[in-house]
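J.: return atomic coordinates for the entry below.
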Amino acid sequence: KNQGKLLTESGEEDLGLYGACIVALQELGYDAKSFCGYDNMGEEYDVISSFEAVEPNKISNPYYYRLAIEAAEGEFAKVLCDQFISDYYTLGKGMNYWGYGCDNTAVFLTAIAVYASDYSEYVNDAMKIIAGYTTDKGAYYSEQYTDENANSTAMALMAFSALGDCDTALKYYNMLLNFQGET
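T.: A predicted model of the protein is given here:
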């Protein structure tokens with residue numbers, strides 16, 4: 001019906017939707033490259049080809065770049081990383097999505113972690129920025145919201161885990177335990 005395209009309720013293609021579906025298919029044991037649909041003329045369309053034909057900035061929420069980059073392969077993954085950096089990352093400040101913050105920068109770092117060696121300048125910058133939002137008790141959201149909290153600490157843990165930096169991830173895990181309560 002949609003010429004093999006995945007469409008949101010509003011009829012738009014979205015890289016995050018493709019990424020979520022491709023990752024789900026892979027986790028269910030399907031080969032997303034051979035998972036096909038047909039138009040009303042009987043022509044076959046595969047999900048990957050449709051995904052790779054979407055403009056790299058067609059995403060409803062920058063947090064969804066993580067799914068899209070995880071689902072992408074090769075050059076298309078790097079095109080998505082480049083677009084993500086171009087639209088949302090500022091060296092020395094981090095990822096801007098409704099403001100700069102630890103959580104946003106951690107999501108950015110997690111999204112590009114698979115390609116960390118190709119984006120070392122941004123990875124190193126993001127790591128420093130996250131460290132700047134960290135005290136001995138944990139991480140905090142932003143310069144406006146400076147109370148350490150479980151969410152920001154967990155987001156930092158996620159980012160360093162995605163990078164495979166186990167020592168730093170363990171540091172954030174241990175800080176996360178500070179927020180464990182009776183309930």
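
J.: the host helix or strand of N104 - contacts with which helices or strands?
T.: Per DSSP states H and E: N104 is located in helix 102-112. In terms of contact count using 3 or more CB pairs under 8 Å, 6 or more residues apart in numbering; DSSP states H and E, helix 102-112 is assigned the packing partners helix 65-71, helix 74-88, strand 94-95, helix 120-132, helix 150-163. C-beta coordinates here come from the backbone N, C-alpha and C atoms, glycine included.

J.: in the second one, what's buried?
T.: Just to be clear, that refers to helix 74-88. F76, A77, K78, L80, C81, Q83, F84, I85, Y88 (16 or more other CB atoms under 10 Å).

J.: closest to S142 out of the residues you listed?
T.: For the buried residues of helix 74-88, the residue nearest S142 by CB to CB is Y88; the value is 15.2 Å.

J.: ranking the helices and strands packed on helix 102-112 by burial, who's on top?
T.: strand 94-95 (a mean of 28; mean count of other CB atoms under 10 Å).

J.: partner strands of it, with direction?
T.: strand 89-90 (antiparallel) (DSSP bridges).

J.: for the partner strand, the distance to its chain's centre please.
T.: The chain centre lies 14 Å from the centre of strand 89-90; the measure is CA atoms, centre = their mean, to the nearest Å.
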